[in-house]
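Trainee: just coords:
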């Protein structure tokens, strides 16, 4: 987000007036750029000469005490505004200014909604509508609902029907994201414009296509659609991590609004992809001798994905492993009480073995991820973060 200022300051007993640009990133770091000075010196690296204030204490709605990183002097920064400011005054800021004392007359420029914000919102509303119409309602009996197809076309990797209760939280949190990215405070944040980009739109569109084709039991096409959904969520997560990699302050609010929904969706998409592939194999006439090894391979991949995301050293993800635990528990209980179709196609011993394996995988993931998750909570609550500015 960017705001422009005219700054009146005194420097060597000379009154100067400069036009400055203010911008801040998703970590709420504020930067002042003296555009006049850059133009005069024709130096693209002019910002590096500015004093860096690392200790700023907010006293009122328009005043900060600033101390530079070299502890050379202390100054007061006064901000006057005739209307509501978009600056988050309640946060401790990091500030760079070229003068020791400024009186800033702010002319706020509120970020406008752009096409990306609108597409994110509209595409998610369409996704929810199709999920209700095709996934739950089945167009009032015109087609089979996705829930019916899920629970009546069982495979060796299909979890119990109750595991589908994860869909409402996914849609709810993504709806919170859709609303939050419309708010002026968040709509222009890098994590929305650059991190999320159009990947969420691609996710919604491919999810819509999957829901429709899955209800018609066109498992090959629906498998392709869910693969696109999975790829879009993977690239979305990578893009957000790259965008937020240099953030110096982790904002929990932004995590729950802009990252958690997609991690939850990504985890369950892995499960849906495995189920859809198994359904396509069955529909294509795959023999039992092929479907059983396929089920073991898919379960192993889900286990490895849980280990991978929980084991990332720099930024472990515990949402996806917990989704895998949810899926393995549902699969274990489903195979404990299989329907007649599974009994006709597979031996009781094979089904019982896979059920035990599912429960074992859930315990293994919990044993690996649980302690790491508790340690991370302990570290965040009892560790003092020290920020070093270059």
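Mentor: Noted; the coordinates are in hand. Owing to the predicted nature of the structure, the values given are computational and were not obtained by experimental measurement.
Trainee: C-alpha only now, for contacts and for neighbours.
Mentor: Will do.
Trainee: In the protein, spot the helix with the most residues.
Mentor: helix 348-382 (DSSP state H).
Trainee: Tell me which residues are up against stretch 349-361.
Mentor: 156, 296, 299, 303, 325, 328-329, 331-336 (C-alpha atoms under 8 Å, 6 or more residues apart in numbering).
Trainee: Rounded mean pLDDT for that stretch, please.
Mentor: Taken as a whole, stretch 349-361 has an average pLDDT of 95.
Trainee: on that earlier part again, out of the contacts of stretch 349-361, who's nearest residue 362?
Mentor: The closest of the contacts of stretch 349-361 to residue 362 turns out to be residue 325 (C-alpha to C-alpha; 4.7 Å).
Trainee: Give the full set of residues in contact with the residue nearest to that closest one when sequence neighbours are not counted.
Mentor: In space, residue 325 comes closest to residue 362 once its chain neighbours are excluded; the distance is 4.7 Å by C-alpha to C-alpha, 6 or more residues apart in numbering. Counting by C-alpha under 8 Å, 6+ apart, residue 362 makes contact with 324, 325, 326, 328, 329.
Trainee: Please name the nearest non-neighbouring residue to residue 130.
Mentor: residue 208 is the one closest to residue 130 (C-alpha to C-alpha, 6+ apart), at 6.2 Å.
Trainee: shouldn't the one you found be in contact with residue 133?
Mentor: No. Applying C-alpha atoms under 8 Å, one finds residue 208 not in contact with residue 133, separated by 10.7 Å.
Trainee: If you count surrounding residues, which of the two has more?
Mentor: Legend: neighbour count by other C-alpha atoms under 10 Å for residue 208 and residue 133, higher for residue 208 (25 against 18).
Trainee: And that one, how far from residue 200?
Mentor: Distance, residue 208 to residue 200, using C-alpha to C-alpha, to the nearest Å: 12 Å.
Trainee: go on, residue 242?
Mentor: Residue 242 is 16 Å from residue 200, by C-alpha to C-alpha.
Trainee: for residue 382, same thing?
Mentor: For residue 382, the distance to residue 200 - C-alpha to C-alpha - is 35 Å.
Trainee: Who has more neighbours out of these two?
Mentor: Each of residue 382 and residue 200 has its neighbours counted (other C-alpha under 10 Å); residue 200 has more, 25 against 9.
Trainee: Quick check: that one touching residue 232?
Mentor: Yes. Using C-alpha under 8 Å, residue 200 is in contact with residue 232, at 7.3 Å.
Trainee: ok, back up a step: can you mark which positions in the longest helix of the chain are buried?
Mentor: For helix 348-382, burial by neighbour count (16 or more other C-alpha atoms under 10 Å) applies to 351-352, 354-355, 357-362, 365-366, 369-370, 372-373.
Trainee: Go through those residues and name the one nearest residue 122.
Mentor: residue 373 (35.1 Å).
Trainee: I'd say that closest one and residue 318 touch.
Mentor: Yes. Here residue 373 reaches residue 318: they are 6.8 Å apart, a contact under C-alpha under 8 Å.
Trainee: Common neighbours of the two, please.
Mentor: By C-alpha under 8 Å, 6+ apart, no residue touches both residue 373 and residue 318.
Trainee: circling back: most neighbours among the contacts of residue 362, which one?
Mentor: Result: residue 328 is most packed of those (other C-alpha under 10 Å), 30 neighbours.
Trainee: Contacts only, for that residue.
Mentor: 159, 358, 359, 361, 362.
Trainee: again with residue 303
Mentor: By C-alpha under 8 Å, 6+ apart, the neighbours of residue 303 are 324, 361, 365.
Trainee: so how far is residue 274 from residue 252?
Mentor: Residue 252 is 32 Å from residue 274, by C-alpha to C-alpha.
Trainee: Which residue of the two possesses the greater neighbour count?
Mentor: Neighbour count, other C-alpha under 10 Å: between residue 252 and residue 274, residue 274 has more, with 21 against 10.
Trainee: Tell me which helix or strand in this protein has the weakest average pLDDT.
Mentor: Every helix and strand in the chain was compared by mean pLDDT, DSSP states H and E; the lowest is strand 51-60, with a mean of 35.
Trainee: the helices in the stretch 251-390 of the chain, which residues?
Mentor: Remark: helices assigned in the stretch 251-390 of the chain by DSSP state H, counting those that start in this stretch are 252-258, 260-283, 288-310, 319-336, 340-345, 348-382.
Trainee: mean pLDDT lowest for which of those?
Mentor: Of all those, mean pLDDT reaches its minimum on helix 340-345 (a mean of 86).
Trainee: helix or strand for residue 156, which one?
Mentor: For residue 156, there is no helix or strand it lies in under DSSP states H and E.
Trainee: now do residue 206
Mentor: Assigned by DSSP H and E, residue 206 belongs to helix 199-215.
Trainee: which is the next helix or strand following that helix?
Mentor: With DSSP H and E, the next secondary element past helix 199-215 is helix 219-244.
Trainee: That following helix: which residues count as buried?
Mentor: Buried residues in helix 219-244 (16+ other C-alpha under 10 Å): 219-233, 236-237, 239-241, 243-244.
Trainee: Quick one: residues in contact with stretch 121-133.
Mentor: Taking C-alpha under 8 Å, 6+ apart as the rule, stretch 121-133 contacts 139, 171, 174-175, 178-179, 201, 204-205, 207-208, 211-212.
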